[in-house]
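**Student:** predicted model and sequence below, questions to follow.
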Amino acid sequence: MKTLALYVLLFLSFASYASTVEPVLKALNEKPEITVLLPASYASDKTKHYPVIYVLDGQLNAQLVQSMNARLAASAGSYEHIVVGIESADRLKDFAPSVNMDPRGPIGAGGGADKFLDYLEIELIPRIARQYRTTDHKTIAGHSIAGLLVVHSFHSRPQLFQAHLAFSPAIWWGERETANEVKKYMRSGISKGNFLYLNIGNESGEMRAVYDAFVDSIVRNRSLDLMLNLDEFNTAAHGFTLSAGLYNALRGLYKYQQATGK
C-alpha cells in the first residue's frame, strides 16, 4: 500500500494511504473506478475501526474530502474516516433515478440510479467492509447530478447510509420525480434517523425555485430525529458549492455522530 500525498492545508500535511478496489460486478455492466483513501492512523492503530464516506465523482472530489476531513480530525473537529471515491463510467445514467424527457436537458439520459444503488449496497459496501476495518456508519456525498443520487438514496433506502451530503443537488431533473418523492417521504412520518446536508449556490430561475420548494417541504415535515443542515452560497457558482460547503457539511456530520454515538 503506497503513501499518497494530499493537499496541504494551513501549512500542515497529512499522510494517507490509497489502494484500488477491483469490484466483482454483477449489478452494473460498466465498471466504476474505486479508490480507497485511508486515514493517517490506519497503519499504526491495528485495532481501530473507522466510519466510511462514499464520495461520488471520486476522481475530482475524493482527495478534497479526505484532506479536509484529515485537517478537521487533527484539530478534534471530526472523526477520522475511510474515504471511498467512486468514479462512474456514465454519471448521468448511474446517478439520475429517471429517464429525462425534458427537451431542455439530455433527452433519454438517466434512469440507472436504483441499479447503481444496488451495486453499492450488494457489492461495494460489503467488499469495503471485508477488506478494511470499518464501522457501521456510512456517509454518501455528491454534487449536482451526483447530489441527486444522494437525495434519491435518502428517501428510497434510508437505512443504507446514515448521513447524506448533497451539494447543489440536481432535483430539477426530469419531471422533478425525486423532489416529489422526498416530499411524500417526509409527509409519511416514516423516519430512520439520519443526517442530511443540503446546499445551493447562485443558481437562479426554475432551478432555484424547485430547490427552495423542496427544502421548504423538508423543513416543515422533518421528524425530530433528522438532523438537517442547510447552506446558501449566493455568490458561489454551481461548480464551487462542494468546496464552499464541505467544511460545514463535515462539521455537521461530526456533531451528528457525537449526538447519536455513531
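**Tutor:** Everything's here; your move.
**Student:** who's in contact with the residue nearest the centre of the chain?
**Tutor:** In the chain, the centroid-proximal residue (Cα atoms, centre = their mean) is Ala141; its distance is 1.1 Å. Ala141 makes contacts with Ile53, Tyr54, Val55, Leu56, Asn61, Val65, Val150, His164, Leu165, Ala166, Phe167, Ala249, as judged by Cβ atoms under 8 Å, 6 or more residues apart in numbering. Every C-beta, even on glycine, is put in place using the N, C-alpha and C of the backbone.
**Student:** which SSE is the second one in?
**Tutor:** Think Tyr54. Per DSSP states H and E: Tyr54 is located in strand 50-56.
**Student:** could you pull up the residues touching Leu148?
**Tutor:** By Cβ under 8 Å, 6+ apart, the neighbours of Leu148 are Phe95, Ala96, Pro97, Ala113, Gly142, Ala166, Pro169, Ala170, Ile171, Trp173, Thr178.
**Student:** buried among those residues? Make that a ChimeraX selection.
**Tutor:** Remark: buried members of the contacts of Leu148, expressed as a ChimeraX selection using 16 or more other Cβ atoms under 10 Å:
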select :95,96,97,113,142,166,169,170,171,173,178
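**Student:** so which of the contacts of Leu148 sit within helices?
**Tutor:** Phe95, Ala113, Thr178 (DSSP state H).
**Student:** residues touching the residue nearest to the second one when sequence neighbours are not counted, list them.
**Tutor:** Right, the one you point to is Ala113. Nearest residue to Ala113, sequence neighbours excluded (Cβ to Cβ, 6 or more residues apart in numbering): Pro97, at 4.0 Å. Counting by Cβ under 8 Å, 6+ apart, Pro97 touches Gly110, Gly111, Ala113, Asp114, Leu148, Leu149, His152, Ser156, Trp173, Glu177, Thr178.
**Student:** which single one of these is nearest to Asp136?
**Tutor:** For the contacts of Pro97, the residue nearest Asp136 by Cβ to Cβ is Ser156; the value is 19.7 Å.
**Student:** show me the contacts for the closest one.
**Tutor:** Ser156 neighbours (Cβ under 8 Å, 6+ apart): Pro97, Asp114, Leu117, Glu181.
**Student:** if we go to 10 Å?
**Tutor:** Neighbouring residues of Ser156 by Cβ atoms under 10 Å, 6 or more residues apart in numbering: Pro97, Ala113, Asp114, Leu117, Thr178, Glu181, Val182, Tyr185.
**Student:** so which residues of the stretch 1-150 of the chain form strands?
**Tutor:** Applying DSSP state E, counting those that start in this stretch to the stretch 1-150 of the chain gives strands spanning 2-5, 15-21, 33-38, 50-56, 82-87, 134-143.
**Student:** redo those strands as TSV? Include distance to Ile128 and mean pLDDT.
**Tutor:** Shown next, in TSV, are the strands of the stretch 1-150 of the chain (distance: least, Cβ to Cβ, whole Å; pLDDT from 0 to 100):
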stretch	distance to Ile128	mean pLDDT
strand 2-5	17	32
strand 15-21	7	45
strand 33-38	7	98
strand 50-56	6	98
strand 82-87	6	98
strand 134-143	6	98
